[in-house]
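Student: Here is a sequence together with a model predicted from it:
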Amino acid sequence: MDQHQNGFDPAAVAAIGSRLKDRPGALMLILHEIQDRFGYVPRGAAPIIAQALNLSRAEVHGVATFYHDFRHQPPGRDVIRLCRAEACQAMGAVALAEHVRGRLGVEFGETTRDGAFTLEAVYCLGNCGCSPAMVLAGELHGRVSLARFDELLAERKEGRR
Amino acid sequence: MLSKSDRDYGTPPRTSDRLVTLEVDGREVTVPEGTSVLRAAALADVAIPKLCATDALEPFGSCRLCLVQVEGRNGYPASCTTPAEPGMKVRTKSEMLERLRRGLMELYMSDHPPDRAACAGNGNCELHAMADVVGLGEVRYGGDGRNHLAARRDASNPYFAFDPARCIVCSRCVRACEEIQGTFALTIDGRGFNSVVSPSQHQPFLESECVSCGACVQACPTDALIEKSMLEKGVAARSVTTTCGYCGVGCSFKAEVKGDEIVRMLPHKDGMPNHGHACVKGRFAWGYATHPDRVLRPMVREGTSDAWREVSWEEAIGCAAKRLREIQAKYGLGSIGGITSSRCTNEETYLVQKMVRAAFGNNNVDTCARVCHSPTGYGLKTAFGTSAGTQDFDSVLHADVMLVTGCNPTDGHPVFASLMKRRLREGAKLIVADPRAIDLVRTPHIEAAYHLQLLPGTNVALINAITHVVLSEGLAKEDFVRERCEWPAYELWKKFILEKRNSPEVMAPLIGTPADQIRAAARLYATARNAVIYYGLGVTEHSQGSTMVLGMANLAMATGNLGREGVGVNPLRGQNNVQGSCDMGSFPHELTGYRHLSDAATRGSFEAAWGVKLDPEPGLRIPNMFDAALDGSFKGLYVEGEDIAQSDPNTHHVAAALSAMECVIVHDIFFNETAKFAHVFLPGSSFLEKDGTFTNSERRISRVRKVLPPMAGKADWEVTCELSTAFGYPMHYAHPCEIMEEIARLTPTFAGVSYEKLDRLGSVQWPCNDKAPAGTPVMHIGQFVRGKGRFVITEYIPTDEKTGPRFPLILTTGRILFQYNVGTQTRRTANVVWHHEDLLEIHPHDAEQRGVRDGAWVKISSRAGETTMRAQITERVPPGVVYTTFHHQSSGTNLVTTENSDWATNCPEYKVTAVQVMPAAGPGAHRAAGQGADARAAVDR
């Protein structure tokens, strides 16, 4: 789950690497698993992955930075992923994005100062029938109105206490 | 950035039996199947605009500038990624294509520094050239949008700079690093607009995995990646094709010159050893050639405690000749001699041995190859009939299994290593037999199938065990042996090898490698379609160096791995002209072409040509010269281009011998360690300052061309001529080509060599004669040079250099990429950024036992002497083995090596020294002495 925010643990990265290194497409699997475990792909992971797969650090770095989905900084405790693709835009995602930025006080790609939320843009969650869509703390929500967003945010803050 | 004079066909050539004929802009052209439309067009002299494509790299299809129209097809395919097809009608020019290309170029230029005059490519820049080709005038977008113009420049590498503002992200650099060099140090960070070329993890080049080979700089179509020397000096006015003076790969270069200054060294695209590639030494580390330490005036002195006196050439040469004559008068004909160098040209080496034999009247001539590859000469001559490797470098592209032993190609022979790595990435299998985990054992995309981590000194035990498996498991190719080799000798040898004492199981404890690994590796080698052996000084510099060479020859013959592409037994020569210096008759017992002095016919031809009577008895080898000096019978020595005081083993012994001589003449570009014992110093000329030839590891004779005038006024060959003349044996040549003519006349394997032919063909591999006018890439096809191949029994005899309670560890030595041999050249370049001192590699277990900490000073002692250096704790070496390089004079590695040597050739046993390692408080006393040596200059300049 991507809400774990453990510190970087080289031994854990090495263990992930040695477990998955012989699978087809191992590099992507390893990067995903590291992000699931730590919430991001720590810089220090690349040399360990490179060693496990007999790649260069450059190659690992190139792949890890190519995909927007891989984070390079630890995220907030919860990640909000707001869809900004066409269908959602047509159903009010532009206004929603404006509202969310204002509510959280951050831009896309940033984390609130208290470390509670990271706001990320995503381009289609495959939930176009229920636009606008958003993922909060790993859970998909459809038909997110401005009010619904505030409600979900409050619930999440409540739930955490 | 490429050289302006190099033609680029856009994509690499393809080989195919099937040919394809197509039409490009109405011109018919026929190309091998698989050739791109871009290349086909270039072959038809139709230049399609391009940026991301270059014929050194596989097509990529990213810049979209090379798009074309194909009759009957929709759209505008990129010609670089579109294969030529039969009957295809291609249009490269149309109004639509021009509009598209102009639009693309406009986008490129909109994010490129607008000041064209500031482009360091100045005329060579492909981006600006393409802007002209597509007729791009102004850029309509203005400078207000987002762009990369403020990106930070990376000047961390001492030799080149990277300016992302000038980068068009075509990935040529990334692909060059992968495909040509095989290091994979570069990538693209991010995507889309944020894409940026990234060394390793978006780090400065110097902190990344980059090995500074410069392939990326050469591949860059703009001035984003550029040599700092070009930034400083501008674009060259002319170029001279010549041959690198570093290792035995012998890369061909274009020296680009402006006035009397070198702007850059650009590897020659048509150079056969390197195909346009180079390493950090050849491409960048040439600054030593004009270093202020160069001694430019001849010097003499009475005794070695006297001050040097700068004198004229005439006085220095006259003085040297007079003293040598006086010594000979007093102590006899055999009391003087000379040493030739593998750093000098064939012509120069030839002249030195000629002077010794014809002028001095004895055969006291030897070469520094004595201390490196003399066992190669002996072993391969005995087995096959020729003292040289069997293959050309490109042969490796046909190998299916490589056995790499006693060499470290990625450091010692980097350009050839890149070729090996290319073949390994294509799927060839690798066996590394080496005490140390060299990079090839595991490096991105390369992993050895087996690393046989033998203990230093057990090579012969290992090769016998491998061969035992081949024979006992029925893997020998006896039909090959029956046809090509001496059968009775084979049967005798077979009986010996099959004895149980040679089995992996019995030998394994001595070798230190598990028997099952030896068995598996032997099977892999023996069952390969094509298996090849590459080796280096880790084979030869042992008390059984010659035996190991013979053992490898036996293995190759028994498995039929000789006489075609992809196989063979190949020494990787350390220095640029090791092969050549041996070919030229530098050894005391041989005339040119490895013909023994005792052969009256050979001797007769030289006597006729030289007009003197030759002594049929072999003269002194280098170690014999030292011994004779110590017993008072050898008193005068001429040393050309070699630093025996630093590079020969057991420094104390060498120093004592040199001190006992009455006249030591050092002929060198720098005031080296040996010069401290000298009476006459003659300034040498670097490879950039003279004409001649070098012969590389693959027997390839390449021209060395004078790029600059000799800094001290005379090329080495001229000095030798004058010394000989002054001594009383006149030598006059107007140009080195006349020396080569004499060599060709007197040497059957060189009979077809001439400067005219070398200019015409670029290079030739000997034998080059009537039977093989264009030279011989692969030897022993159909028949061995000696007729039938000879199996020699290779009994394993452990070295006398044994570990014990006093000296429990084995010290072995090697090289690092950034430095070269004793460092005379590379230490005088920016390469010291990467390697500024030699370190002692020691296993964590041995370090812990001794309380040695990483980076701390240690004392290394052997029965010969002691030295100090810093420790590096690493698992590259196994427990019981320590390792160091010998690039720095201050390390004093040879203070500890012993005078043990190969039984057949006296090649020193550098690779095995029993030592003890203990923590030290700081650097030892010899280091202070070394500092003094470097500060000597005050006296003589």
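Tutor: In hand now; what should we look at?
Student: what about the residue of the stretch 751-900 of chain B found nearest chain A, neighbour count?
Tutor: Distances between the stretch 751-900 of chain B and chain A by CB to the nearest CB are smallest at residue B:875, namely 13.1 Å. Placement of C-beta: from N, CA and C, glycine included. The local packing of residue B:875 (other CB atoms under 10 Å in any protein chain shown) involves 11 other residues.
Student: ok, it touching residue B:437?
Tutor: Yes - between residue B:875 and residue B:437 there is a contact at 7.5 Å, judged by CB atoms under 8 Å.
Student: What residue in chain B comes nearest to chain A?
Tutor: Counting by CB to the nearest CB, chain B gets nearest to chain A through residue B:187 (3.1 Å).
Student: mind giving me the domain ranges of the chain?
Tutor: Since no chain was named, I'll use chain A. A:5-66, A:78-160 (automatic domain parsing).
Student: actually chain B
Tutor: Annotated domains of chain B cover B:19-133, B:160-290, B:299-368+B:578-748, B:374-571, B:809-940 [automatic domain parsing].
Student: and residue B:686, what does it touch?
Tutor: When contacts are counted by CB atoms under 8 Å, 6 or more residues apart in numbering or on different chains, residue B:686 is found next to B:245, B:288-289, B:669, B:711.
Student: where does it fall, phi/psi-wise?
Tutor: According to degrees, to the nearest 10, the main-chain angles of residue B:686 amount to phi -80, psi 170.
Student: how far away is it from residue B:46?
Tutor: When CB to CB, to the nearest Å is applied, the distance between residue B:686 and residue B:46 equals 44 Å.
Student: so where's chain A uncertain?
Tutor: Residues of chain A meeting the criterion pLDDT under 70: A:1-6, A:160-161.
Student: ok, residues contacting the longest helix along it?
Tutor: In chain A, with assignment by DSSP state H, the single longest helix is helix A:146-160. Outside helix A:146-160, the residues within contact range by CB under 8 Å, 6+ apart are A:77-78, A:95-96, A:99-100, A:103, A:116-117, A:134, A:136-137, A:141, A:144.
Student: Now for the residue in chain A that chain B sits nearest to: which residues touch it?
Tutor: Scanning chain A for the residue nearest chain B gives residue A:62, at 3.1 Å (criterion: CB to the nearest CB). With contact set as CB under 8 Å, 6+ apart, residue A:62 has these partners: B:187-189, B:198.
Student: again, only this time at 7 Å
Tutor: B:187-189 (CB atoms under 7 Å, 6 or more residues apart in numbering or on different chains).
Student: Look up phi and psi at residue B:767.
Tutor: Per degrees, to the nearest 10, the backbone of residue B:767 is at phi -60, psi 140.
Student: Burial check on it, number of neighbours?
Tutor: The number of residues packed around residue B:767, counting by other CB under 10 Å, is 22.
Student: For it, give its distance to residue B:593.
Tutor: As for residue B:767, its distance to residue B:593 is 9 Å (criterion: CB to CB).
Student: Which pLDDT value goes with the residue nearest to the spatial centre of chain B?
Tutor: What sits nearest the mean C-alpha location of chain B, by CA atoms, centre = their mean, is residue B:247, with 2.5 Å. Model confidence at residue B:247, given as pLDDT, is 93.
Student: The nearest residue to it once chain neighbours are set aside: neighbour count?
Tutor: The shortest distance from residue B:247 to any residue other than its chain neighbours is 5.5 Å, reached at residue B:413 (CB to CB, 6 or more residues apart in numbering or on different chains). Per other CB under 10 Å, the neighbour tally for residue B:413 reads 28.
Student: Then the one 4 residues further on?
Tutor: Burial of residue B:417 is recorded as 29 neighbouring residues (other CB under 10 Å).
Student: how far is the helix or strand hosting it from where the chain is centred?
Tutor: Counting by DSSP states H and E, the element that carries residue B:417 is helix B:414-425. Relative to the chain's own centre, helix B:414-425 is displaced by 13 Å; criterion: CA atoms, centre = their mean, to the nearest Å.
Student: That one near chain A at all?
Tutor: No - judged by CB under 7 Å from any CB of the partner chain, helix B:414-425 makes no contact with chain A; its nearest approach is 11.4 Å.
Student: by contact count, what packs against that helix?
Tutor: helix B:409-412, strand B:446-447 (3 or more CB pairs under 7 Å, 6 or more residues apart in numbering or on different chains; DSSP states H and E).
Student: three-state assignment of the closest residue in space to residue B:387 that isn't next to it in sequence?
Tutor: Closest residue in space to residue B:387, ignoring its immediate chain neighbours: residue B:377 at 3.7 Å, by CB to CB, 6+ apart. Of the three states, residue B:377 takes helix according to DSSP: H, G, I helix; E, B strand; the rest coil.
Student: State the distance from residue B:377 to residue B:538.
Tutor: With distances taken as CB to CB, residue B:377 is found 17 Å from residue B:538.
Student: got the residues of chain A near chain B?
Tutor: Residues of chain A lying near chain B by CB under 7 Å from any CB: A:43, A:46, A:54-59, A:61-62, A:65-66.
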